[in-house]
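>>> Structural data only, the sequence is not supplied:
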C-alpha cells in the first residue's frame with residue numbers, strides 16, 4: 001500500500017518563494033506529525049543554516065553530457081548538470097537540535113532538497129547518510145522512553161498494562177521511517193519518498209515513492225498545555241560519567257511519575273479514553289476550543305535524594321539520613337523547577353493518544369534540561385581544570401613565601417559553581433533548571449520552544465530561533481515566559497530513594513494522587 005503524505009499549503013508557498021528568488025539549491029528539514037491515521041502530515045520546512053560560516057551545501061555546475069552517468073536521471077542537453085556536496089553530519093546535528101525545540105506531537109519527519117534532478121542524484125549518498133543519523137538519534141530517544149516505561153511497570157500501584165500502553169505509543173511515534181522530499185528547482189515538480197534507513201548504505205535502496213497531497217492541515221490541530229513541578233536532589237560528584245548517569249536516573253524517576261499520572265481534561269478522567277479529541281473539546285455552544293489545559297494527577301510530589309547504587313544510605317527512625325553512611329558523597333545539588341508541557345494533536349486523535357503526547361513532551365522537556373545542565377557542568381569542570389593547569393605553570397619559579405594557593409582556589413571555586421561537579425565536600429547547593437520559553441512560528445500559527453539558563457533572557461532565545469528555526473522578525477514580545485526561576489525556598493530534608501524509585505512510594509508517604517503536578 002502506497003504511503004500518503006499530506007503537505008500544508010504553506011510548504012508549496014515556501015518553495016514558490018525560492019523560485020521567485022532564483023535560489024539554485026537548498027537543503028533542510030521537513031517537520032510535522034507522523035502516523036495521523038494512515039498518513040503523515042507535513043506542516044512546514046526549516047532550512048539548515050550555515051555552520052561557522054561554512055556552507056552546508058555546495059553546488060557545482062557542468063556540462064550535462066559529460067556529467068551524466070549511466071543509471072542516473074536523464075538531463076536535457078540544454079540544461080546544465082548540477083552536482084551537490086552536502087555536510088551530512090551538520091544536517092543531522094541540526095535535526096537533533098531542532099527536535100528539542102519542537103513541541104510535543106510535532107517531530108522531524110525527514111529532509112527536503114530543493115535542486116535540479118541531477119543535483120538529487122549526486123547528493124543521494126549524503127542525504128541518505130543524514131537520514132540514517134537522524135533515524136539513529138530518534139531510535140535512541142525511543143529507547144529512553146521505553147526504559148522509562150519499564151520503570152513505570154515496576155512502580156508500586158502501576159499496572160503492566162499502563163506501561164505497555166506507553167511503550168506502544170513510543171513505538172508508534174518512532175517507527176524509524178523518514179521522508180525525503182525533492183522539489184525540482186527547474187520544473188517545480190514535487191516528489192516524496194519514504195525509507196527506513198538502518199544505515200547510510202541501505203537508505204537509498206529502501207526509498208519508496210509516496211503519494212503527496214496538498215491541503216490545509218493547521219486548522220485540524222489542537223494545542224494541549226499542562227504544568228508539572230520537579231524537585232530532586234542528586235549527589236555532587238567529581239566524575240563526569242557518574243554525574244551523567246545520575247541525571248539519567250533522575251529523568252527516569254520523574255518520568256515514571258509523569259507517565260503513570262491520571263489526566264483530567266475538561267473535568268473528565270481521560271487517560272484511557274478512546275473518545276476523539278474533537279468530541280471532548282466541543283463546548284456547550286457547539287464551538288470548539290483550540291487550546292486545552294490538561295491536569296496531571298500524579299503520585300505525591302516531594303523532594304527526594306537520588307543515590308548512586310554504591311553509595312547506599314540508611315535512614316534513622318524519622319527518615320533523616322544517617323551521616324555516617326553518606327561519607328562518600330561530596331554533598332548534593334537540589335534541582336527544582338516547573339515544566340510547562342505543550343503538545344499539538346489532531347482533532348481525530350483519541351484522547352488517550354493526546355494525553356500520551358503531552359506526557360511525553362513533559363518527559364522530553366525534562367530530559368533536555370538535565371542534559372543542558374550536564375553539558376554546562378562539564379564545560380565548567382574543563383575550565384576549572386584549565387585554570388588549575390595555568391596556575392601550576394605560573395607558580396613555577398615563584399619566590400618562597402608568596403601566595404601559591406590562589407590559582408588552585410579559583411579552580412576549586414569554578415568547579416563548585418557548576419553545582420553538579422564540585423570539589424567542595426561541604427557543598428550543598430540549589431540549582432534552578434533551565435526555563436522553557438515559547439516562541440511563535442507565525443507563518444504556521446504554532447508555538448516552538450527554547451531553554452534559558454540562569455542569567456539568559458529573551459534575546460538569547462530569539463537569536464537561537466533565528467539561527468536554527470529560521471524564524472525572522474521576532475521581538476521580545478513574541479517570547480512567552482510561563483516558567484519563573486525557582487524561589488529559594490527553605491531546604492527540605494530530602495527523602496532517600498535508591499536507584500529509580502518514586503519518592504511517593506517511600507514508607508510513610510501517602511499513596512494517593514495529587515493533581516497539578
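Cool, got the structure. All values derive from a computational prediction rather than experimental measurement.
>>> Every contact and neighbour count from this point should use C-alpha atoms.
Noted.
>>> Which residue, other than its chain neighbours, is closest to residue 86?
residue 57 (4.8 Å; C-alpha to C-alpha, 6 or more residues apart in numbering).
>>> whoops, I mixed them up, residue 97
Using C-alpha to C-alpha, 6+ apart, the closest residue to residue 97 is residue 468 (7.7 Å).
>>> how much space between residue 340 and residue 365?
To residue 365, residue 340 is 8 Å away according to C-alpha to C-alpha, to the nearest Å.
>>> Which one's more surrounded, those two?
residue 365 (27 against 22; other C-alpha atoms under 10 Å).
>>> Pull the contacting residues for that one.
Remark: with contacts taken as C-alpha atoms under 8 Å, 6 or more residues apart in numbering, residue 365 is in contact with 100, 339, 341.
>>> same deal with residue 123?
Residues in contact with residue 123 (C-alpha under 8 Å, 6+ apart) are 83-86.
>>> If we use 6 Å, what do you get?
Counting by C-alpha atoms under 6 Å, 6 or more residues apart in numbering, residue 123 makes contact with residue 84.
>>> Give me the number of neighbouring residues for residue 394.
12.
>>> ok so it is a helix residue?
Yes - counting by DSSP: H, G, I helix; E, B strand; the rest coil, residue 394 is found in a helix.
>>> Quick check on the contacts of residue 365: which are buried?
Among these, the ones that count as buried by 16 or more other C-alpha atoms under 10 Å are 100, 339, 341.
>>> Apart from its neighbours in sequence, what residue is nearest residue 243?
Leaving aside its chain neighbours, residue 243 sits nearest to residue 237 (6.1 Å; criterion: C-alpha to C-alpha, 6+ apart).
>>> tell me the SS of the one you found?
coil.
>>> State the number of residues packed around it.
24.
>>> Now do it against residue 32, distance only.
40 Å.
>>> ok, residue 337 touching residue 230?
Yes - contact criterion C-alpha atoms under 6 Å: residue 337 and residue 230 qualify, at 5.4 Å.
>>> Compare those two (neighbour count), which wins?
Higher neighbour count among residue 337 and residue 230: residue 337, with 21 against 16, using other C-alpha under 10 Å.
>>> Need phi/psi at that one.
phi 170, psi -180 (degrees, to the nearest 10).
>>> Tell me the pLDDT of it.
Per-residue confidence (pLDDT) for residue 337: 84.
>>> what does the one 3 residues further on give?
The predicted local distance difference test score for residue 340 is 93.
>>> Could you look up the SS state of it?
Residue 340 ends up strand, using three-state DSSP.
>>> That one against residue 225, yeah?
No - the pair residue 340 and residue 225 does not pass the contact test of C-alpha under 6 Å, sitting 7.2 Å apart.
>>> can you list the buried ones among the contacts of residue 365 in a markdown table and add distance to residue 277?
Formatted as a markdown table, the buried ones among the contacts of residue 365 follow (distance: C-alpha to C-alpha, whole Å):
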| residue | distance to residue 277 |
| --- | --- |
| 100 | 25 |
| 339 | 23 |
| 341 | 18 |
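>>> how close does residue 364 sit to residue 454?
20 Å.
>>> residues contacting residue 266?
Contacts of residue 266 by C-alpha under 6 Å, 6+ apart: none found.
>>> Return the backbone torsion pair for it.
Torsion angles, degrees, to the nearest 10, at residue 266: phi 50, psi 40.
>>> Read off the pLDDT value for it.
pLDDT at residue 266 comes out at 74.
>>> Same check on residue 204?
For residue 204, pLDDT reads 64.
>>> number of nearby residues for the closest residue to residue 438 other than its chain neighbours?
Excluding its sequence neighbours, the residue lying closest to residue 438 (C-alpha to C-alpha, 6+ apart) is residue 449, at 4.4 Å. If you count neighbours by other C-alpha under 10 Å, residue 449 ends up with 21.
>>> One more: residue 389?
Residue 389: 15 neighbours (other C-alpha under 10 Å).
>>> a helix runs through it, doesn't it?
Yes - the assignment for residue 389 by three-state DSSP puts it in a helix.
>>> related to what we said a few turns ago, from the contacts of residue 365, which single one is nearest residue 180?
Nearest to residue 180 among these is residue 100, at 20.8 Å by C-alpha to C-alpha.
>>> Could you look up the SS state of that closest one?
helix.
>>> show me what contacts it?
Per C-alpha under 6 Å, 6+ apart, neighbours of residue 100: none.
>>> Looking at the contacts of residue 365, which is nearest residue 106?
Distance to residue 106, by C-alpha to C-alpha, is smallest for residue 100 among the contacts of residue 365, at 10.5 Å.
>>> Now do that closest one against residue 81, distance only.
37 Å.
>>> and what of residue 242?
For residue 242, the distance to residue 81 equals 53 Å [C-alpha to C-alpha].
>>> These two: which has the busier surroundings?
Ranked by neighbour count (other C-alpha under 10 Å), residue 242 and residue 81 place residue 81 first, with 23 against 15.
>>> so what's the more buried one bridging to?
Residue 81 forms beta bridges with residue 62, as assigned by DSSP bridges.
>>> per-residue confidence at it?
76.
>>> my guess is it meets residue 62, correct?
Yes - at 5.3 Å, residue 81 counts as touching residue 62 under the criterion of C-alpha under 6 Å.
>>> Check what contacts whichever helix or strand residue 182 is part of and list those residues.
When elements are assigned from DSSP states H and E, residue 182 belongs to strand 178-184. For strand 178-184, contacts defined as C-alpha under 6 Å, 6+ apart pick out 109-117, 189-195.
>>> Next, the contact list for the residue lying closest to residue 133 once chain neighbours are set aside, please.
In space, and not counting its chain neighbours, residue 133 is closest to residue 92: 5.9 Å by C-alpha to C-alpha, 6+ apart. Residue 92 sits next to 130, 133-134 when contact means C-alpha under 6 Å, 6+ apart.
>>> Could you count how many residues lie near residue 267?
Neighbours of residue 267 (other C-alpha under 10 Å): 9.
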